[in-house]
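**Student:** model the following, please.
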Amino acid sequence: MARRLGNYVYNIVVKSENNRPNRVIDVELYTLYRFGNCGTTALMPQKGGFMGVSDRVTQVEKAIVGLRGLILSGEFDAGSRLPEVAISERLGISRTPLRQAMDRLEGEGLLERIASGGCRVARFRLEDINDAIELRGVIEGVAARLAAERGVSDEVMQEARGTLAVIDKVVDDGNSIDFDSYVRMNARFHEQLAAMPGSDVIQREIERVCRMPLASPNAFLRGQEAIPDFMASLVRAQDQHHAILGAIEAREGTRAEALMREHARLARKNFSFLRDADPGLTTRIPGLSLVTAN
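**Tutor:** Next up, the predicted model:
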């Protein structure tokens, strides 16, 4: 199920006056939900429109979301040092919450500490992303195998089938696909799979590997409309979902593990296409601009 994490800043509204740097004048309030143990999140707009920056959103939350957005959108080149003064002015915050945000994003792997002080934007090699996706497949594969070997209750299986039934309807809509629903249900299914073995260790490790940019199950979904066989890719992924769940239900652990690992490799295939596609995709797929060839 989706877990409400709280209200966060998302859209930063800025203006420039008298040639001075852009400053935040307002923020749009969203509620952040987590779908699954892979760190997949969605920001849902709150009714009531905009709110003042001094209201319920804390400065640290604002700094984390604002800085993460700047990094993932490619505002700063991979490997470049973060200009703290400029960022604090742009986000309308002091350097104290900004530095707290930098600590958080360092833990997420988006930033690296510099020996002389400050942080730089992390640089990810193609191999790093492929390895992270492969590792996710390995851990999720273990989760699927253990679920099959240990057995899953009828109630849990019914919930997973219900999730796949919703995805079936979404995919069957063809060109009128409700993409947000697909993203939410895909994340929910992966959460359900991760929970099936009943292991906190497995769930924690899946979440850990998925914190790396581009490693989560939904990482490339926002760019798949550019893939020539976009719908075929979604259908293929959904067929794999059904096969994985079927293997778990049949108590076929080895098969469930192999299918889960193959499912993760579909993300690698999509990544291979997207990294060589239209350069404009780097601004549409969060984190893609951080990936370098070397």
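
**Student:** only C-alpha atoms for contact and neighbour calcs from this point on.
**Tutor:** OK.

**Student:** model confidence over the helix of greatest length in the chain, on average?
**Tutor:** The helix that spans the most residues within the chain, counting by DSSP state H, is helix 126-150. For helix 126-150, mean pLDDT is 93.

**Student:** who are the packing partners of that helix?
**Tutor:** Here helix 126-150 touches helix 179-195, helix 200-210, helix 230-249, helix 253-275, going by 3 or more CA pairs under 8 Å, 6 or more residues apart in numbering; DSSP states H and E.

**Student:** okay, these in CSV with mean neighbour count next?
**Tutor:** Output for the helices and strands packed on helix 126-150, formatted as CSV (neighbours: other CA atoms under 10 Å):
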stretch, mean neighbour count
helix 179-195, 21
helix 200-210, 18
helix 230-249, 18
helix 253-275, 20
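
**Student:** okay if I get these as CSV plus distance to residue 160?
**Tutor:** Formatted as CSV, those follow (distance: least, CA to CA, whole Å):
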stretch, distance to residue 160
helix 179-195, 6
helix 200-210, 17
helix 230-249, 8
helix 253-275, 15
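
**Student:** closest to residue 126 out of the ones you listed?
**Tutor:** Checking the helices and strands packed on helix 126-150 against residue 126 by CA to CA gives helix 253-275 as the closest, at 8.9 Å.

**Student:** quick one, the closest one and helix 126-150 angle?
**Tutor:** 160 degrees (axes from the mean of the first three to the mean of the last three CA atoms, to 10 degrees).

**Student:** for helix 253-275, output the C-alpha coordinates as CSV.
**Tutor:** What follows is helix 253-275, C-alpha atoms only, in CSV (Å, rounded to 0.1, in the frame of the first residue of the first chain):
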residue,chain,number,x,y,z
GLY,A,253,11.4,-21.2,-6.2
THR,A,254,14.2,-21.7,-8.8
ARG,A,255,11.9,-20.6,-11.6
ALA,A,256,10.5,-17.6,-9.7
GLU,A,257,14.1,-16.4,-9.0
ALA,A,258,15.1,-16.8,-12.7
LEU,A,259,12.0,-15.0,-13.9
MET,A,260,12.6,-12.1,-11.5
ARG,A,261,16.2,-11.6,-12.6
GLU,A,262,15.1,-11.7,-16.2
HIS,A,263,12.4,-9.1,-15.4
ALA,A,264,15.1,-6.7,-14.0
ARG,A,265,17.1,-7.1,-17.2
LEU,A,266,14.2,-5.5,-19.1
ALA,A,267,15.1,-2.3,-17.3
ARG,A,268,18.7,-2.7,-18.6
LYS,A,269,17.4,-3.0,-22.1
ASN,A,270,15.4,0.1,-21.8
PHE,A,271,18.3,1.9,-20.3
SER,A,272,20.5,0.9,-23.2
PHE,A,273,18.0,2.4,-25.6
LEU,A,274,17.4,5.6,-23.7
ARG,A,275,21.1,6.4,-23.1
